[in-house]
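Colleague: pasting a predicted model and its sequence here:
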Amino acid sequence: MKVFSLDALALPLLLLLVACSSKKSDPQPTAPLPALVSFAPATGAAGGSVTLTGLNLTGATSVTFNGVAATSFTVSSGTSVTVTVPTGATTGPISITTPGGTALSTTPFTVTSGALTVPCTAINTSTTWPDRLPGTAVDYIITCPITITGSAVLTIAPGVRIQFTAIDASLVASANSGLKAVGTATEPIVFQGTGPSSWRGILFGSNNPLNQLEYVTISQAGGSAPNTTNKKGAVQITSTSSRASISNTTIQQTDGYGIYVVDRATLAGFGSNTFAENAEPMASVPVSVVGVFDAATNYGTTNAKPWIEVRGTAGTSFIIQLETAATLTKLPVPYRFSGTNYLKATLTIQPGTVLEFETGASLTTLGNLFETTGALNAVGTAANHIVFRGVQRAKGAWKGIAFCTPNPSNNLIYCDVSDGGSDAIWGPSAPAGLKANVLVGSSSRAVQATIRNCVISNSLGYGLAQRNLPAVTLTQSANSFATNATGDQTTW
């Protein structure tokens, strides 16, 4: 029998082990080391945005401010990262960690405890501005027009206080973007200036359904007019088809309008607001949205021009008309109309409401394309007449009212109509120069109206003019006429 010596086996085994250990493994790629070259701004408060510039920043997994980890950052490219200063951050270096390692800034970032100055750049991604500081401290400072673009939505949290420090400083929702500022009764959002007429205002130029002001206080706006409206105002809906809703909001100390809505825009919601110390009318709206105003709003006693401005079609501008049925709520202030106010739908007026008309203004129940669906339904009570009168309170201060449709809701009951007859009221086939406070008739179309218990007076022409056709039905009784220059009634 052969006997093998362990010593005889040791050498081959050793050679095999050496051969295996000398075999090199496949090389693995190594991530490059990051480098943090600079950051801007050099100072800021918690909640502010800082842009880091460097090399090899792709895949960043962590950013810290003096050891406090940021909870929000975006890697824009291998050379740029945008980060939000975290709550609890203190002054010190910024570090960024990637798969290749950690880079540390050579200079410290200084954390401030005061208001954050918003950079003068467009907001193109949806973001929320939180309430950063306690109590009534200013959270954000805006020094220029800040535009929200694309489909971004800027949400402002309850309790936020923003100070605007330049005459053109403003927040602007453009394109399809949105501005949502919703506070609470106990934590309202505050937009303020640095003094009277010190900033522009809030501008809604988009149709985003999130455009909303609720439990907001807006003070000292109207410092300058945007070129979209050339009007000064605290809140403006600035382009056709744009929209916004406003509720539980205080608008005060404006060197201009409280609210200004351009033609063909929409005031989608309105309620329980407060107006005080505004230099121009509290609101200026096209007749198309005149029905939004509510009795729960505080229209105040300190506004320099205490009325609601209602704009109809003027001159050669495109036609503005009431498209959907609306109700004029009785307010403690009058509605003041200008231009030709076409009613393609029914306008109902509550008892006790006062309507005033500028020179050349009128109401007509016919749509601008001769639609016969409109009506003026003004039904007051013996104790609360509805009042139609001129701003100037003199003969010929405005044109008058024209009933030109067969709508059975055409009513003037317990109404006072005065100061009309400035010019011929617009009405199909009405004779040139026919002036009256009230006109009932059209060409060959059927027309229907009821006029009862009204006082029709002080016209520069007739009190009442009626088309003498079988298709024109005027039911009237218990009316009184006084001081009408041409006569109380006529037919044509």
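Modeller: Looks like it arrived, so ask away. Residues are numbered from 1 along each chain as shown.

Colleague: can you get me the start-to-end distance on stretch 77-95?
Modeller: The first and final residues of stretch 77-95 sit 17 Å from each other (CA to CA, to the nearest Å).

Colleague: likewise stretch 150-163?
Modeller: From its first residue to its last, stretch 150-163 covers 25 Å (CA to CA).

Colleague: what's the answer for stretch 441-451, then?
Modeller: With CA to CA as the measure, stretch 441-451 spans 13 Å from end to end.

Colleague: which residue packs closest to Val379, ignoring adjacent ones?
Modeller: Leaving aside its chain neighbours, Val379 sits nearest to Ile413 (4.6 Å; criterion: CB to CB, 6 or more residues apart in numbering). Where you see a C-beta, it was placed from the backbone N, CA and C, and this is true even at glycine.

Colleague: surely the one you found touches Arg452?
Modeller: Yes: look at Ile413 against Arg452 with CB atoms under 8 Å: they come within range, at 4.9 Å.

Colleague: show me which of these two is the more surrounded one.
Modeller: A direct count of neighbours by other CB atoms under 10 Å for Ile413 and Arg452 places Ile413 higher, at 18 against 15.

Colleague: chain center to stretch 356-367: distance?
Modeller: 27 Å (CA atoms, centre = their mean, to the nearest Å).

Colleague: tell me the mean pLDDT over that stretch?
Modeller: Mean per-residue pLDDT for stretch 356-367: 92.

Colleague: give the buried residues for it.
Modeller: Going by neighbour count (16 or more other CB atoms under 10 Å), the buried part of stretch 356-367 is 356-358, 360-367.

Colleague: re the thing from before, give the contact list for the residue nearest to Val379.
Modeller: By CB atoms under 8 Å, 6 or more residues apart in numbering, the contact set of Ile413 is 378-380, 450-454.

Colleague: quick one on the thing from earlier: inside strands: which ones of the buried residues of stretch 356-367?
Modeller: Assignment to strands by DSSP state E places the following of those there: 356-357, 362-364.

Colleague: for Thr117, the count of nearby residues, please.
Modeller: Neighbourhood size, Thr117 [other CB under 10 Å]: 18.

Colleague: grab the nearest non-local neighbour of it.
Modeller: Of all residues not flanking Thr117 in the chain, Ile141 sits nearest, at 4.6 Å (CB to CB, 6+ apart).

Colleague: isn't the one you found right up against Phe191?
Modeller: No: using CB under 8 Å, Ile141 makes no contact with Phe191, being 11.9 Å away.

Colleague: give me the more crowded residue out of those two.
Modeller: Taking other CB under 10 Å, Ile141 and Phe191 do not tie; Phe191 has more neighbours (28 against 17).

Colleague: beta partners for the more buried one?
Modeller: Following DSSP bridges, Phe191 is listed with bridge partners Ile162, Ile218.

Colleague: surely it meets Gln220?
Modeller: No: with contacts counted by CB under 8 Å, Phe191 stays clear of Gln220, the gap being 9.0 Å.

Colleague: and the residue nearest to Ala115 when sequence neighbours are not counted, what does it touch?
Modeller: Leaving aside its chain neighbours, Ala115 sits nearest to Val138 (4.4 Å; criterion: CB to CB, 6+ apart). Residues in contact with Val138 (CB under 8 Å, 6+ apart) are 114-115, 161-163, 192.

Colleague: gap between Val138 and Ala46?
Modeller: Distance of Val138 to Ala46, computed by CB to CB, to the nearest Å: 14 Å.

Colleague: repeat for Asn453
Modeller: Asn453 sits 67 Å away from Ala46, going by CB to CB.

Colleague: Ser422 too?
Modeller: 63 Å.

Colleague: the two - which one has more neighbours?
Modeller: Between Ser422 and Ala46, Ser422 has the larger neighbour count (other CB under 10 Å), namely 24 against 19.

Colleague: so the more buried one, which of the three states?
Modeller: The local conformation at Ser422, judged by DSSP: H, G, I helix; E, B strand; the rest coil, is coil.

Colleague: wait, it sits on Ala436?
Modeller: No: using CB under 8 Å, Ser422 makes no contact with Ala436, being 10.7 Å away.

Colleague: pass me the low-pLDDT residue ranges in the stretch 251-400 of the chain, would you?
Modeller: For the stretch 251-400 of the chain, the stretches with pLDDT under 70 are 315-318, 367-369.

Colleague: so where do the helices sit in it?
Modeller: Along the stretch 251-400 of the chain, counting by DSSP state H, counting those that start in this stretch, no stretch forms helices.

Colleague: number of nearby residues for Thr90?
Modeller: Residues near Thr90, counting by other CB under 10 Å, number 12.

Colleague: got it, and Leu154?
Modeller: Other residues near Leu154 number 20, with proximity taken as other CB under 10 Å.

Colleague: Thr475 now?
Modeller: Residues near Thr475, counting by other CB under 10 Å, number 11.

Colleague: coming back round to it: what's the overlap in contacts for Ile141 and Phe191?
Modeller: Common contact partners of Ile141 and Phe191 (CB under 8 Å, 6+ apart): 162, 164.

Colleague: what sits against Val75?
Modeller: Contacts for Val75 (CB under 8 Å, 6+ apart) come out as 57-60, 81.

Colleague: list the contacts for Gly59?
Modeller: Neighbour list for Gly59: 31, 75, 98-99 [criterion: CB under 8 Å, 6+ apart].

Colleague: for it, pull up the helix or strand it's in.
Modeller: Using DSSP states H and E, Gly59 sits in no helix or strand.

Colleague: gap between it and Thr143?
Modeller: As judged by CB to CB, Gly59 and Thr143 stand 36 Å apart.

Colleague: endpoints of stretch 450-459, how far apart?
Modeller: Chord length of stretch 450-459, first to last residue, is 20 Å (CA to CA).

Colleague: contacts for that stretch next, please.
Modeller: Against stretch 450-459 from outside (CB under 8 Å, 6+ apart): 382, 385, 394-396, 400, 410-421, 435-438, 440, 463-464, 474-486, 488.

Colleague: give me the buried subset of those residues.
Modeller: Applying 16+ other CB under 10 Å to the contacts of stretch 450-459 flags 385, 395-396, 400, 410-421, 435-438, 440, 463-464, 474, 476, 479, 481, 484, 488 as buried.

Colleague: centre of the chain to stretch 62-80, how far?
Modeller: Its chain's C-alpha centre and that of stretch 62-80 lie 35 Å apart, by CA atoms, centre = their mean.

Colleague: repeat that for stretch 88-104.
Modeller: 41 Å.

Colleague: and what of stretch 472-489?
Modeller: 44 Å.

Colleague: straight-line length of that stretch, end to end?
Modeller: Stretch 472-489 has its terminal residues 15 Å apart, counting by CA to CA.

Colleague: and what of stretch 106-124?
Modeller: Using CA to CA, the end-to-end distance of stretch 106-124 comes to 31 Å.
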